[in-house]
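Participant: sequence and predicted structure below; questions after.
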Amino acid sequence: MAPAYWPDAARGLDFRLLAPNSHHELSMEFVGSHILSIDQFARTDIDKIFAVAAKMEPYAQRERATSVLNGAILGNMFFEASTRTRVSFGCAFNLLGGEVRETTGFESSALAKGESLHDTARVLSGYSDVIAMRHPQAGSVSDFASASRVPVVNGGDGVNEHPTQALLDLYTIEKEMRGRKRELDGLRIAMIGDLKFGRTVHSLVKLLCRYRDVELHLISPAALCMPEALVEMARSAGHTVQISENLESSIAHVDIAYSTRIQEERFGSRAEADLYRGKFRLNQSVYTQHCEPNTVIMHPLPRDSRADANELSTDLDGNPNLAIFRQADNGIVIRMALFAMILDVVEQVDKHSHPVRWYTGSRF
Ligand code: NCD
């Protein structure tokens, strides 16, 4: 059978990857596959990714180094603003011993000369072993993947999805809950802010549909509410969904308060985004008055720290339940795990490992 990333096979991707897993039971083949949407994953796939990610921790912590991907090249194609996603994809590949080649920004790429995504994909896939890509249009990364000769990982396609972010979010939630002797089933989570344009929460809602009895509190201005299809998906998975415009009452009984940024770049103008900016501010005083004492605070970052936004106040930085930087750190092990699984080197990572020769003391 043709590998999943071949153009002809990719045209059948919807059937091959999406249909079987709409039952949430059949696991997917990682080797040679694109990672485009959370729709691809069954719960057992998520378990596998998390198990491999845990094996990557010593490498992320610089306790060991590995050269398993020596000679492999990641094409890191970011046609939209990014700091941590782009850099962590690159660092994850470097930590496995591979090389990274990057394009950043639309204007500095041949897309600005009118080249199609199809042609760009045909060309760049001749230069790389795997491609990570971000693009402002929903569905663009799938289109690109259908013409790519190598696996493509979605680093965010417009308002649609951000699957690797959702995986690192859930990995973080699992770790934080483990410390509290809680599991993912039965999780109580509040998602706050721009739930209409925020792709991280779209992918996270899909991911949570693989678990049982989740309580979802969706807090946003009415104009920026979670798309109906995702609310329906959560309800069909048996979850309780509560929709609200009131931050204080909706964060009172949750395990996780997941704040998000108003996605200014998706609005027609800055003035339009300003209508919603700063509506739901989580700070230490709101937290102390309204949250249970151990509520974990998350945010995919970047947080908008300008005075008129300040959605997640820096006065929370000393709060041990603020998990945002642990969350960002977890992007490395999740992306390492995905690369190792897609390129079929999971079992070889340790065999190609060696001690770290440089100073590592200051990172902890
Ligand atoms: C998010 C994104 O780009 O969707 N950031 C990220 O990847 N960590 C969230 C955002 O930009 O607000």
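Facilitator: Perfect, I can see it now.

Participant: could you use CA atoms for every contact and neighbour count after this?
Facilitator: Will do.

Participant: which element is residue 89 on?
Facilitator: helix 84-95 (DSSP states H and E).

Participant: list the contacts of that helix.
Facilitator: 59-60, 65-67, 69, 74, 76, 78, 99-100, 132, 155, 328, 331-333, 335-336, 339 (Cα atoms under 8 Å, 6 or more residues apart in numbering).

Participant: how about stretch 126-138?
Facilitator: Identification of contacts with stretch 126-138 by Cα under 8 Å, 6+ apart yields 72-80, 89, 125, 141, 149-161.

Participant: go through these and flag which are in helices.
Facilitator: 89, 141 (DSSP state H).

Participant: picking that back up, hmm, the helix holding residue 89 in reach of the ligand?
Facilitator: Yes. Legend: contact between helix 84-95 and the ligand by Cα under 6 Å from any ligand atom is shown at residue 85.

Participant: just use 5 as the starting number from now, easier for me
Facilitator: That works, and once the first residue is 5, the last one we named lands at helix 88-99.

Participant: so where do the strands sit in the stretch 255-368 of the chain?
Facilitator: For the stretch 255-368 of the chain, the strands defined by DSSP state E, counting those that start in this stretch cover 260-263, 300-302, 357-359.

Participant: okay, the ones you listed in a markdown table with distance to the ligand next?
Facilitator: Formatted as a markdown table, the strands of the stretch 255-368 of the chain follow (distance: least, Cα to the nearest ligand atom, whole Å):
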| stretch | distance to the ligand |
| --- | --- |
| strand 260-263 | 10 |
| strand 300-302 | 11 |
| strand 357-359 | 29 |
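
Participant: near residue 168, how many other residues are there?
Facilitator: If you count neighbours by other Cα atoms under 10 Å, residue 168 ends up with 26.

Participant: quick one, phi/psi of it?
Facilitator: Main-chain torsions, residue 168, degrees, to the nearest 10: phi -70, psi -30.

Participant: that one and residue 296: what is the separation?
Facilitator: 29 Å (Cα to Cα, to the nearest Å).

Participant: so, low pLDDT: which residues of this structure?
Facilitator: Within the chain, the ranges that satisfy pLDDT under 70 run 5-29, 366-368.

Participant: which residues touch the residue nearest in space to the middle of it?
Facilitator: Nearest to the mean C-alpha position of the chain, counting by Cα atoms, centre = their mean, stands residue 169 at 0.9 Å. Neighbouring residues of residue 169 by Cα under 8 Å, 6+ apart: 204, 207, 304, 335.

Participant: tell me the SS of the first one?
Facilitator: If I follow you right, that is residue 204. Put simply, residue 204 is helix when judged by DSSP: H, G, I helix; E, B strand; the rest coil.

Participant: surely it and residue 171 touch.
Facilitator: No. Taking contacts as Cα atoms under 8 Å, residue 204 lies outside contact range of residue 171: 9.8 Å.

Participant: and stretch 336-353 with the ligand, contact?
Facilitator: No. Contact of stretch 336-353 with the ligand (Cα under 6 Å from any ligand atom) is absent, the minimum separation being 12.1 Å.

Participant: give me the contact list for that stretch.
Facilitator: With Cα under 8 Å, 6+ apart as the test, stretch 336-353 has contacts from 34-37, 53-54, 56-58, 60-61, 64, 70-72, 92-93, 95-97, 99-100, 155, 168, 171-172.

Participant: let's see that with 6 Å instead.
Facilitator: By Cα atoms under 6 Å, 6 or more residues apart in numbering, the surrounding residues in contact with stretch 336-353 are 34-36, 56-57, 60, 72, 92, 96, 172.

Participant: ok, residue 72 - how many residues close by?
Facilitator: Counted with other Cα under 10 Å, the neighbours of residue 72 add up to 21.

Participant: roughly how far does it sit from residue 349?
Facilitator: For residue 72, the distance to residue 349 - Cα to Cα - is 7 Å.

Participant: residue 40 now?
Facilitator: In terms of Cα to Cα, residue 40 sits 21 Å off from residue 349.

Participant: these two: who's more crowded?
Facilitator: residue 40 (24 against 16).

Participant: hey, what's the residue nearest to the more buried one when sequence neighbours are not counted bridged with?
Facilitator: In space, and not counting its chain neighbours, residue 40 is closest to residue 158: 5.0 Å by Cα to Cα, 6 or more residues apart in numbering. Using DSSP bridges, the bridge partners assigned to residue 158 are residue 137.

Participant: my guess is residue 158 contacts residue 42, does it?
Facilitator: No. If you go by Cα atoms under 6 Å, residue 158 and residue 42 don't touch, sitting 10.3 Å apart.

Participant: quick one on the thing from earlier: now the strands of the stretch 255-368 of the chain in TSV, with mean neighbour count?
Facilitator: Formatted as TSV, the strands of the stretch 255-368 of the chain follow (neighbours: other Cα atoms under 10 Å):
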stretch	mean neighbour count
strand 260-263	24
strand 300-302	23
strand 357-359	13
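
Participant: as TSV, the ones you listed with distance to residue 279 would be great.
Facilitator: Shown next, in TSV, are the strands of the stretch 255-368 of the chain (distance: least, Cα to Cα, whole Å):
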stretch	distance to residue 279
strand 260-263	18
strand 300-302	24
strand 357-359	52
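
Participant: list the buried residues of the helix or strand containing residue 126.
Facilitator: If you go by DSSP H and E, residue 126 is part of helix 121-128. Going by neighbour count (16 or more other Cα atoms under 10 Å), the buried part of helix 121-128 is 121, 124-126, 128.

Participant: can you list contacts of it?
Facilitator: Contacts for helix 121-128 (Cα under 6 Å, 6+ apart): 148, 151-152.

Participant: how far does stretch 248-267 stretch from one end to the other?
Facilitator: 19 Å.

Participant: sounds good, over and out.
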